[in-house]
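K.L.:
Predicted model and sequence follow; I will ask about them next.
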Amino acid sequence: DIAVGTDEGIPALLLRQSRLIYNLTMFAVLPGLTVFMGFLLKIGVSTTDVSPVEEEIEPWWLAILLVFTFGYQAVIVVLIVLGRVRPGHIAIRHDGLHLRGYAHDAWIPWDSLFLVQPNGHWKFLAVWVGPSHRATFSSPIPLWKRFDNTVIKHGSLTDDLPFFVHVDRRPFRISPEIIDAAVEHYMENPDARRELRDPEAIARTVEVLRSHATTA
């Protein structure tokens, strides 16, 4: 989960989200919730008193509800197959941070980074973006924030106010302290970012980070 690799063809120190947690989320929890919603719809319809006319209409509107309920799940499956929804990572590059959630995507150049603030709780890391930033954000699925909070921007995107991006550390099997230390090291040491151009130098940093990691 701590590796040297490339991000968009650029050498990077990669802190990867857990594939196991991703699989449990996408292939167990979401389908289970969809089936449960369909079950509740069916129970609600069967326990409601209806007139003979409404009984004729019932299958149609029930079918429409089921199409909407399962349609969104089908869209997610297609995007998983296409690789648009996938395990995310924190890519630390010589030119900035690439924060990838399951679907949300944030690119923050170093000169746009205002502050990295570890949360008092272990769940989140807050990455503050300063005024006049060059950060960019994208997501392939409308309303995905309701389902994916692994990388979420908060606050105004205006040029005159800083805002922050929450990075959920729970999908990682990397301890929060290691995530914080890696990001803060390169944020606070511009000279150290030169090492991120060299895969061999990144590999040495990876070994150091792995030596502090636990197997729990």
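P.N.:
Sure, I can see it. Residues are numbered from 1 along each chain as shown.
K.L.:
Go over the secondary structure and confirm Val75 is in a strand.
P.N.:
No. Using DSSP: H, G, I helix; E, B strand; the rest coil, the assignment for Val75 is helix, not a strand.
K.L.:
what's the pLDDT at it?
P.N.:
On pLDDT, Val75 comes in at 77.
K.L.:
All the helices of the protein, residue numbers only.
P.N.:
Per DSSP state H, the chain carries helices over the ranges 19-24, 30-46, 52-82, 176-188, 199-211.
K.L.:
Show me which residues of the last one are buried.
P.N.:
Judged by neighbour count using 16 or more other C-beta atoms under 10 Å, the buried positions of helix 199-211 are Ala201, Ile202, Thr205, Val206, Leu209. The C-beta positions use only the backbone N, C-alpha and C, and glycine is treated the same way.
K.L.:
I figured the last one was touching Ile178, is that so?
P.N.:
Same thing as Leu209. Yes. Counting by C-beta atoms under 8 Å, Leu209 touches Ile178, with 5.7 Å between them.
K.L.:
who touches both of the two?
P.N.:
The contact sets of Leu209 and Ile178 overlap at Ile2 (C-beta atoms under 8 Å, 6 or more residues apart in numbering).
K.L.:
on that earlier part again, take the buried residues of helix 199-211 and write them to CSV, including distance to Thr6 and pLDDT.
P.N.:
Formatted as CSV, the buried residues of helix 199-211 follow (distance: C-beta to C-beta, whole Å; pLDDT from 0 to 100):
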residue, distance to Thr6, pLDDT
Ala201, 14, 93
Ile202, 10, 94
Thr205, 15, 92
Val206, 14, 92
Leu209, 18, 90
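K.L.:
can I get those residues in a markdown table with distance to Asp148?
P.N.:
Shown next, in a markdown table, are the buried residues of helix 199-211 (distance: C-beta to C-beta, whole Å):
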| residue | distance to Asp148 |
| --- | --- |
| Ala201 | 33 |
| Ile202 | 28 |
| Thr205 | 29 |
| Val206 | 27 |
| Leu209 | 26 |
